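Asker: this one's structure only:
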C-alpha cells in the first residue's frame, strides 16, 4: 500500500510532459505569420547571398502590402507556375531595383525589408505582360533591368515630397454583353482578382497568392477577397465585358484598394466601411481610366488603386485620425490592432491615476 505522502512525492518527481504536438504546431504557425521578425534578426550576421534572398522574398510580398518572406516564396511559386518567363522578368526587376538602392546608400532597414524591390518587380512584370514579342524574348531583359533600377531613383526622389504627408511611394469595353452571366466563373473571377495583381490569370497560382496573404494576415486575406468581390459587382453594375469579370481583371484594383485601408488603419467599424468604400471607388476609377487610356492604347494597370489609396491616406477627419497608422510603423493588421489596444489601455490607466 502506498501512503498519501508517498503518492505526493511520486507526483512531484514525475517529469512534466511537454506542451505536446498541438502546441508545437501552433508555435510554428505563429512563427511563420506576421513579419517573421525573429527570422529577420537571425539573418543579420549571415552570408550576403542568404540575406539578399530574404530581402528579395520580402520585396515580392511587398507588392501586396505584406512583409513576410514565406509569403514571398509562395507568390514566387505562383509566378513560376503561371509563367516562368514572367517570374524571371519580375525577379530581374526586383534585383535591379534592390541593387540600385544598395549602391545609392539607401536606408539599410528599408532595403532589407523589401521596400526598394517591389516597384522594380511590378514594372518588369508589366513589361512582360504588355510586350508584343511574346515569351522568352531575351532582349526584354535589358529594359526590365533598366526599368527596375529607374523605380528606385523615382521613389527616392518622390520620398522627400510624399514623406511630408506620410504617404508610401507607390481596351474599351463593349457596350453590351450578349451572353448569359455564368455565376461559377464569376465567383472564380473573385479569386482570380487577387492573382491578377501579379498578372496571374489561372486559379492555382491565384490560390497560392491568396494563401501567401493569409500567412501574413488573415484579415488582409479577407479584405483581398472582399475588395475583389466588391469590384466585380461594380463591374457588373457598369456592364463591363464578362471576360473581364471572369478573368479577375475587374477585381484586382478593388482588392488592392480594400487592402490599403486594412493595412494603414486600425480595424474598426469606421475603417471597415472605409475599406468597402475604397474598393468601390477603386473599381469605378479603374473603369473610367480604362476607357480613357484605351483611346491611347495604354493599360490602366493599378493606377486606380494607387490613386484612391493615396486619397484615403490623406483623409484628416477627427473620427479617422486616431485609427491612422504612421507609414513607418505599419505591420500586420492583427499586430496593429494589438498595439492599439495596449496603447489605449496604457492611456486609460494613466488617466485613472
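Answerer: Thanks, I have the structure now. The model shown is predicted, which means the values in this text are computed figures rather than measured ones.

Asker: report the central residue of this structure.
Answerer: Nearest to the mean C-alpha position of the chain, by C-alpha atoms, centre = their mean, lies residue 64 at 1.7 Å.

Asker: could you list the domains of this structure?
Answerer: 48-165, 183-347 (automatic domain parsing).

Asker: any weak-confidence spans in this structure?
Answerer: Along the chain, the parts satisfying pLDDT under 70 run over 1-19, 160-165, 170-179, 316-318, 343-353.

Asker: let me see the ranges of the strands in it.
Answerer: For the chain, strands defined by DSSP state E do not occur.

Asker: ok, the residue nearest to the centre of the chain touching residue 257?
Answerer: No: using C-beta atoms under 8 Å, residue 64 is not in contact with residue 257; the gap is 11.9 Å. Just so you know, the C-beta spots here come from the backbone N, C-alpha and C atoms, and that holds for glycine as well.

Asker: list the residues that contact both of those two?
Answerer: When C-beta atoms under 8 Å, 6 or more residues apart in numbering defines a contact, no residue borders residue 64 and residue 257 alike.

Asker: might you report the residue contacts of the residue nearest to the centre of the chain?
Answerer: So residue 64 contacts 75, 197, 209, 213, 224, 256, 259 (C-beta under 8 Å, 6+ apart).

Asker: next, format the residues you listed as a markdown table and append neighbour count and distance to residue 231.
Answerer: Output for the contacts of residue 64, formatted as a markdown table (neighbours: other C-beta atoms under 10 Å; distance: C-beta to C-beta, whole Å):
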| residue | neighbour count | distance to residue 231 |
| --- | --- | --- |
| 75 | 30 | 20 |
| 197 | 26 | 12 |
| 209 | 30 | 16 |
| 213 | 28 | 16 |
| 224 | 30 | 11 |
| 256 | 31 | 9 |
| 259 | 32 | 12 |
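
Asker: for the residue nearest to residue 158 when sequence neighbours are not counted, list the residues it contacts.
Answerer: Among residues not flanking residue 158 along the chain, residue 169 sits closest, at 4.8 Å (C-beta to C-beta, 6 or more residues apart in numbering). By C-beta under 8 Å, 6+ apart, the contact set of residue 169 is 119, 154, 155, 158, 159, 162.

Asker: narrow those to those in helices?
Answerer: Among the contacts of residue 169, DSSP state H puts 119, 154, 155, 158, 159, 162 in helices.

Asker: what segments of the stretch 151-300 of the chain are helices?
Answerer: Residue ranges of the helices in the stretch 151-300 of the chain, as given by DSSP state H, counting those that start in this stretch, are 183-195, 203-216, 218-237, 242-247, 252-264, 269-294.

Asker: out of those helices, which is closest to residue 94?
Answerer: Checking the helices of the stretch 151-300 of the chain against residue 94 by C-beta to C-beta gives helix 203-216 as the closest, at 15.5 Å.

Asker: what is the neighbour count of residue 149?
Answerer: Here the count is done by other C-beta atoms under 10 Å, and residue 149 has 22 residues near it.

Asker: quick check, it in contact with residue 94.
Answerer: No: here residue 149 lies out of contact with residue 94, judged by C-beta under 8 Å, at a distance of 11.0 Å.

Asker: joint contacts of those two?
Answerer: If you check residue 149 and residue 94 against C-beta under 8 Å, 6+ apart, the residues they both contact are residue 120.

Asker: ok, and the most crowded of the contacts of residue 169?
Answerer: When the contacts of residue 169 are compared by neighbour count (other C-beta under 10 Å), residue 119 ends up highest, at 24 neighbours.

Asker: my read: that one touches residue 98, true?
Answerer: No: between residue 119 and residue 98 there is no contact under C-beta under 8 Å: 10.4 Å.

Asker: and residue 319, how far from residue 280?
Answerer: Going from residue 319 to residue 280 by C-beta to C-beta, to the nearest Å gives 20 Å.

Asker: who has more neighbours, these two?
Answerer: For residue 319 versus residue 280, the count of surrounding residues by other C-beta under 10 Å is larger for residue 280: 20 against 10.

Asker: can you count the residues close to residue 156?
Answerer: Residue 156: 15 neighbours (other C-beta under 10 Å).

Asker: repeat that for the one 10 residues further on.
Answerer: As a burial measure, the neighbour count of residue 166 was computed by other C-beta under 10 Å and equals 14.

Asker: contacting residues for it?
Answerer: When contacts are taken as C-beta under 8 Å, 6+ apart, residue 166 is in contact with 313, 326, 327.

Asker: sort out for me which of those are in helices.
Answerer: Short answer: the contacts of residue 166 in helices (DSSP H) are residue 313.

Asker: show the buried residues in the contacts of residue 166.
Answerer: 313, 327 (16 or more other C-beta atoms under 10 Å).

Asker: need the contacts of residue 166 in CSV (columns: distance to residue 340).
Answerer: Listed next are the contacts of residue 166 as CSV, based on distance: C-beta to C-beta, whole Å:
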residue, distance to residue 340
313, 17
326, 12
327, 16
